[in-house]
Structures are given as C-alpha cells and as structure tokens.
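**Q** Give the three-dimensional model of this entry:
(chains A and B)
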Amino acid sequence: MINTIAQAKNDVKEIVMNAIGRAVAEGKLPAEPIPAFAIEIPNDKSHGDFSCNAALVSAKAFKQSPKSIAEAIKGNAILEGSAFEKIEVAGPGFLNFFVGKAWFAETVNAVIGENENYGKTNDGKGKRVLVEFVSANPTGPMHIGNARGGAIGDCLASLLEYAGYYVEREFYVNDAGNQINKFALSLDLRYRQHFGDNVEMPEDSYHGQDIIDHAEGFAKLYGDIYMNKTEEERRKALVDYALPINIKGLENDLLKYRIRYNTWFRESTLHNDGSVKEIIELLKKSGYTYEQEGALWFRSTELGDDKDRVLIRANGVPTYSVPDIAYHYNKLMKRSFDIAIDILGADHHGYIPRMRAALTALSVDSSRLEVVIMQMVRLVRNGETVKLSKRSGKAITLATLLDEIPMDAARFFFNLRDANTHFDFDLDLAVEESSKNPVYYVQYAHARICRILEKQKEEGVECKRFADNRLVYTESAEIELIRHLASLPEIISEGAKELNPSVITKYLIELAQHFHKFYDSCPIKGMEETVLQSRLSLCTAAKIVLKNLLDLLKVEAPEKM
RNA sequence: CUGCCCGUAGCACAAUGGAUAAUGCGUUGGACUCCGACUCCAAAGACUGCCGGUUCGACCCCGGCCGGGCAGGCCA
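**A** The predicted structure follows:
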C-alpha cells in the first residue's frame, strides 16, 4: 500500500528530530526532552505542503520563543535526499515544508499503479468487526430513520473493509417478546373484524394498513376456520403467516437499497438455545444482581448506568434487555468478534450505559462495543417539514422514499453528514439532476473524465504511463488535484477511526471540485507530448479514485450521463 | 426535575487546540467558434447562542446560563 503523505510526514518528523539533535549539539537549544508535536497539511497553500508545530509546543520546555526555536531547527535541517526542497518559518513559529516537483509525479504514478487498491490502508490489521444496523422491527414497514441507518451502516462497513478490517453485516430480527405479542393482538383483532366481530383496536396496537392487509390475506387463505379456535392458536397462526412475509419484505427492500447482510440473526434463537437463561445465570454469578419485590434487578448503577434495571419481572418474564445482553455476549464472546458496532437512533442512547455495564459484569471489555448514534432525520419538501407519525400509519416508509428518489441519491445523501447531527433531507434536491445535487456533481466528474479519455483514444492518443521524471505538473489546479488524491489514505484512516463514513462523500465532493477546476484551466487536446501525457495520467488517477470511492458507497460511477 | 445530543452567513452545514472560520444552496455580476456549461470565475454575506475560565494560541477543552431535539416503564 502506497501512502505518499504518510511517508512525507514521517520524513518531516525525522528531519525535525535530527535538526533538533544537531542544534542541541551546537548548544543552540537546551538538551530537554522534545514534547510530542504534530505534522499537518495546512489549509492555506502558502503555508507549504506540510506544517509542523514542533517549535510551538516545545517553547516551554526549551524556555525560548517559538520563533527562535523554529529558526534553530530550520538552520540545522538537512533536506538532501528528501522529498522537500524548502522550509520556511512562518506565523508564530510554524515550520512549513514545501515538497519538490518530483513528489507530485510520484503520487500520480502511485495512484495509477495501485489502481483499485489505491487508498486502502491496514489500520484494521484484519480485526473482526460486526456491524449491526437497521434491525427494524419486523412487525411493520421500515421508516425514514431506518433509511439513514441503512446507508450509514452499510457504508461504514465498507469503509472499515477498506481500512483493513474483516467486516460482517448483521440484521437483528426482533421476532420474540412484547412487540410480537402486540403484533399478534393487532392481527387477531383485524382478522375478527374482517368476519364481523365488533372489536376495537386499543391505543397501543398497530393501526397501519399493513395489518389489515395481512389479516385479509390470511382470511383468504384459511377462511373463518380460525374464528372457532382458541385465541392462542389463532394468534400463533396469524404471526406464523405474517411475520415471514414481513421479514421477506424487509430483505427485499434492503436489497433494493443495495444492502446485503451476512446474517439475519433472530432473537428467538437466543430464547430457544438457552442463551437467555445462561445470561441470567452468569449475571447472578457476577454478584451484580439482587431480588426486590419479586423481580430480579441488575445493579447497573455500580457500573456506570444511572439507575438499576429490572432483568426479570415479578411475573417471571425477562425484560427485553436480557436477550439484548445475550445477543451482544453472543457477538463478542460466542462468535468472538473483536469489535461490535451498533448503529442506533438517538432515542436509544439511554441503552448504551446499560449494555456496557452488562458486558463489564460479564467480564467482557466493554470498549469492544462501539455505538454510532444517529440523530433524527427531518424530511423537507417544498421548504416544509414532512411530519412523521408511526401511530397514524402516515410514516414515510423506506420503500416509498426509494420510489421517490434515486438510489444513488439516497445512499449519498444519508452519508453527507455526521451520523450524530440532526439533518434535513431535502427531497426536492435529491431528485434534482444538476450541480446543486452533490451526487450528480461527483458522478459528472467521473463521466467527464471517461469522455476525455475516450475522445483522446479516438484521436489516436493513449495514456502512455510516463516515468516519474517525465511527468510535469506546474499549474496550481494540477497541484491541488494531486495533493487531494494523495490525501485519500489519511481520510480513510481518519474515517475508520472515527466510524464516520461521511468523510467519503465530503472527500468526493472536494475531489470533483478539484477536477472540474483542473479541467477548466488545463487543456489536454493538442498540447505537446509531455504536458498531454502528464495530464492524461492525472485524469486517469482522478478517475481511479472517483471510481474506487463511488464503488465503496455503492453509488454508480457512470461513463456517460 | 435529571441525563445525552445540537446551537457557526438568509438556508443546509465543515474545521486532530493552530495561521485570513471551509463548502454547497440562495443572491449579484461574469465565462461556451475551444476535450461534455450536469462546468468554471468573481462579489456580497459570520462579534462561531451568552458570560466566565484553562494557554503561547479556543468554534473545539472546563464551569455557569439561554434556546432546540431526544430520552428517563417490571415498554422495545
């Protein structure tokens, strides 16, 4: 894996350390330990390609002004044999490093050489990660929050793969417990209504049209024979009929959304194979439980939660948190994933301390559970907020949303912002086919490059892959574009570390921007050989990176639009 | 009442504690006889919610207010 930026940063560090060593030897700097310093890429190009704050951070230790330290470092730095041609001292004492021309040519060739592997890193070192996301309730259709979770979870998983982790995607199916009872009740009442029973739907039952449809479908299949059976039999039959249809529906919708899971993990398996009981025993053994008023409690307060939690109700039925704990125990211990990542809506944030407490009680390192919290999405149409309500059945479902906006736009838009920000999804913008719409802006850059290369080919000009010393980049638009290409591995590392796939869309938009500017100011057609080939190589490199990242997002990279 | 998240330009939002607070939309004005104008260039627009603190340096860290969202069940 080639990472020209990491290399350069390393070089900066070495040059600075050696320079300080020499300055100390000459008595220009005191022999004090050097505090950790940072090397970064400045926003302002006049501040060089790499900037180092070593002089700033060591001012205190050296008892000198940052500026004089910086001058001492600069005076003792040796640049021969490095990628750099110049150092400047600037501002309060920054050391700004400027790379030589050769570095840009190397970067372009490195991208082309690595091709579909360019940008990949080995941060993960093959660690096993399980990303669980969406996990929508199978008692009804998916809503808009699931759409955001789907896009974020799937792209985060891809990003982690890109960063060298082994990743599996998982959907947790809540096919047991109270939700299912409620589902059964709702189906039952609709079924009976269908055959004329005058029963009312209670407040907390499901009122959606989907329940009615299921009841009617069931009635068509079995007629009224279940009217005469016991309530228990009837409900079981109804659930056995409707639940698989729903799960299949979820699967289909998610496939349309280009999401393919490794595993659909069913909650019921945890009840059936004794895991739930086992967890209760383990928790009891841990000493963090006690009985009170007939219920079994978890002393989670002692492990960082803000209150104790009930594990088994006085009626003997475990609360939902027991199978949940069993599930996470299963991920981390039974299936031995190194890291479990949950993508959760903000309304579940209270659940994190509880789960961490439980893992700690079970002697599992709770930092192996990572949680990405997503804030709520607000849909905006014609400048107005689209109201969502699950109860009334008016919620915009994932399926409806995807009927309305292109798949590419949905996946891209939901990854436009940090998960943990409230975010307005502009339905009008998502369908708009213009530069206002970032998806098209990025895709257009790719299509444009394809056309340029094709056109050149038609005229008999091929990209010849010149050696580093034959490529020449002098225009600022070229330099900016290359600099951006070079930064990809860093972006991948950063995004993986912060579990933040939105770095990808941000990077792509900037890349497209740099490319369009380059296109505008740097003609290719008819230029002399060196310039022509240099620019064709640069186009090829840009195309590779656009394609790699659009693939990562599972957004199309069209050759023409 | 308590906990978590968010407050940056008209709108949507960015910035490992670093230099002139970035970008897009919208607004105003420019650029196609030329590789795709689905593009580019330029301008205007911000006392980063308020008040203190920490330090060489704060949108960022700490404390206190104000405003918005979400939670707080032997519901999931």
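
**Q** Near the nearest residue to residue A:396 once chain neighbours are set aside, how many other residues are there?
**A** Nearest residue to residue A:396, sequence neighbours excluded (CB to CB, 6 or more residues apart in numbering): residue A:144, at 5.3 Å. In short, each C-beta sits where N, CA and C put it, glycine included. Residue A:144 has 21 neighbours, counted by other CB atoms under 10 Å.

**Q** Please report how far residue A:144 lies from RNA strand B.
**A** Separation of residue A:144 from RNA strand B (CB to the nearest atom of the strand, to the nearest Å) stands at 14 Å.

**Q** Does that residue touch residue A:379 like I think?
**A** Yes - Residue A:144 lies in contact with residue A:379 (CB atoms under 8 Å); the separation is 6.2 Å.

**Q** Tell me which residues are up against stretch A:82-89.
**A** The contact list for stretch A:82-89 (CB atoms under 8 Å, 6 or more residues apart in numbering) reads A:7-8, A:11-12, A:15, A:48, A:55, A:67, A:70-71, A:74, A:77, A:79, A:95-100, A:102-103.

**Q** Also near RNA strand B: which of the residues you listed, exactly?
**A** A:48, A:96 (CB under 7 Å from any atom of the strand).

**Q** can you tell me which of the contacts of stretch A:82-89 are in strands?
**A** Judged by DSSP state E, strands contain the following of the contacts of stretch A:82-89: A:95-99.

**Q** Make a ChimeraX selection of the buried ones in the contacts of stretch A:82-89.
**A** Selection of buried members from these for ChimeraX, criterion 16 or more other CB atoms under 10 Å:
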select /A:8,11,12,15,48,55,67,70,71,74,77,95,96,97,98,99,103
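
**Q** on that earlier part again, show me which pair in the ones in strands among the contacts of stretch A:82-89 is furthest apart.
**A** Farthest apart among those by CB to CB are A:95 and A:99. That separation is 13.9 Å.

**Q** Between the ones in strands among the contacts of stretch A:82-89, which sits nearest RNA strand B?
**A** residue A:96 (5.2 Å; CB to the nearest atom of the strand).

**Q** tell me the contacts of that closest one?
**A** If a contact means CB under 8 Å, 6+ apart, then residue A:96 has A:42, A:47-48, A:50-52, A:87-90 as its contacts.

**Q** Now do the same contact list for the closest residue to it other than its chain neighbours.
**A** Excluding the flanking residues, the one nearest residue A:96 by CB to CB, 6+ apart is residue A:48, at 3.2 Å. For residue A:48, the contacting residues are A:42, A:88, A:90, A:96-98, by CB under 8 Å, 6+ apart.

**Q** Dump the residues you listed into CSV; add distance to residue A:116 as well.
**A** Formatted as CSV, the contacts of residue A:48 follow (distance: CB to CB, whole Å):
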residue, distance to residue A:116
A:42, 31
A:88, 38
A:90, 39
A:96, 34
A:97, 31
A:98, 32
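
**Q** Make TSV from the residues you listed and add pLDDT to it.
**A** Shown next, in TSV, are those (pLDDT from 0 to 100):
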residue	pLDDT
A:42	77
A:88	88
A:90	83
A:96	89
A:97	90
A:98	90
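
**Q** right, and out of these, which lies closest to residue A:319?
**A** Distances from residue A:319 to the contacts of residue A:48, taken by CB to CB, are shortest for residue A:42, at 53.5 Å.

**Q** Next up, the contacts around that closest one.
**A** Applying CB under 8 Å, 6+ apart, the residues near residue A:42 are A:48, A:50-51, A:96.

**Q** Could you work out the most separated pair of these?
**A** A:50 and A:96 (7.5 Å).

**Q** mind checking how far residue A:470 is from residue A:541?
**A** Residue A:470 is 15 Å from residue A:541, where distance means CB to CB, to the nearest Å.

**Q** My error: substitute residue A:376 in the last question.
**A** To residue A:541, residue A:376 is 40 Å away according to CB to CB.

**Q** Residue A:65 now?
**A** 43 Å.

**Q** and residue A:386, what does it touch?
**A** Neighbour list for residue A:386: A:378-380, A:396, A:427 [criterion: CB under 8 Å, 6+ apart].

**Q** Just the ones of those residues in strands?
**A** A:378-380.

**Q** Show me just the buried residues among the residues you listed.
**A** For those, a neighbour count by 16+ other CB under 10 Å gives the buried set as residue A:379.

**Q** I'd like the ones in strands among the contacts of stretch A:82-89 written out as a markdown table, with distance to residue A:285 added.
**A** Below are those laid out as a markdown table (distance: CB to CB, whole Å):
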| residue | distance to residue A:285 |
| --- | --- |
| A:95 | 58 |
| A:96 | 60 |
| A:97 | 58 |
| A:98 | 63 |
| A:99 | 60 |
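
**Q** From those residues, pick the one nearest residue A:164.
**A** residue A:99 (26.6 Å).

**Q** Please tell me I have it right and the closest one contacts residue A:8.
**A** Yes - the criterion here is CB under 8 Å, and residue A:99 meets it with residue A:8 at 6.6 Å.

**Q** so what sits against both of the two?
**A** Joint contacts of residue A:99 and residue A:8 (CB under 8 Å, 6+ apart) are A:49-50, A:83-84.

**Q** Which ones, among those residues, also lie beside RNA strand B?
**A** Contacts with RNA strand B are made by none of the shared contacts of residue A:99 and residue A:8, judged by CB under 7 Å from any atom of the strand.

**Q** Provide a PyMOL selection command restricted to the buried entries of these.
**A** Selecting the buried subset of those in PyMOL, with 16+ other CB under 10 Å as the burial test, is done by:
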select buried, chain A and resi 49+50+83+84
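
**Q** Just the ones of the shared contacts of residue A:99 and residue A:8 in strands?
**A** Per DSSP E, the shared contacts of residue A:99 and residue A:8 map to strands at A:50, A:84.

**Q** Contact residues of the stretch 351-500 of chain A facing RNA strand B?
**A** When proximity is defined as CB under 7 Å from any atom of the strand, the stretch 351-500 of chain A approaches RNA strand B at A:351, A:373, A:375-376, A:417-418, A:420-424, A:433-436, A:438, A:440-441, A:444, A:447-448, A:450-452, A:455.

**Q** Just the buried ones from these?
**A** Buried, going by 16+ other CB under 10 Å: A:351, A:375, A:417-418, A:423, A:438, A:440-441, A:444, A:447-448, A:450, A:452, out of these.

**Q** Narrow those residues to those in helices?
**A** A:351, A:438, A:440-441, A:444, A:447-448, A:450, A:452 (DSSP state H).

**Q** can you put those in CSV and add pLDDT?
**A** Below are these laid out as CSV (pLDDT from 0 to 100):
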residue, pLDDT
A:351, 87
A:438, 87
A:440, 89
A:441, 92
A:444, 94
A:447, 95
A:448, 95
A:450, 96
A:452, 93
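
**Q** Check those and tell me the two furthest apart.
**A** Of all pairs in those, the most separated under CB to CB is A:351 and A:452 at 51.6 Å.

**Q** Break chain A into its domains for me.
**A** Split into domains by automatic domain parsing, chain A comes to A:4-99, A:105-123+A:435-553, A:128-173+A:260-374, A:178-256.

**Q** mind checking which of these is nearest residue A:410?
**A** Counting by CB to CB, residue A:410 lies closest to domain A:128-173+A:260-374 out of the domains of chain A; the figure is 6.6 Å.

**Q** chain center to that closest one, what's the gap?
**A** 19 Å (CA atoms, centre = their mean, to the nearest Å).

**Q** ok, now stretch A:57-73?
**A** Per CA atoms, centre = their mean, the displacement of stretch A:57-73 from the mean C-alpha position of its chain is 40 Å.
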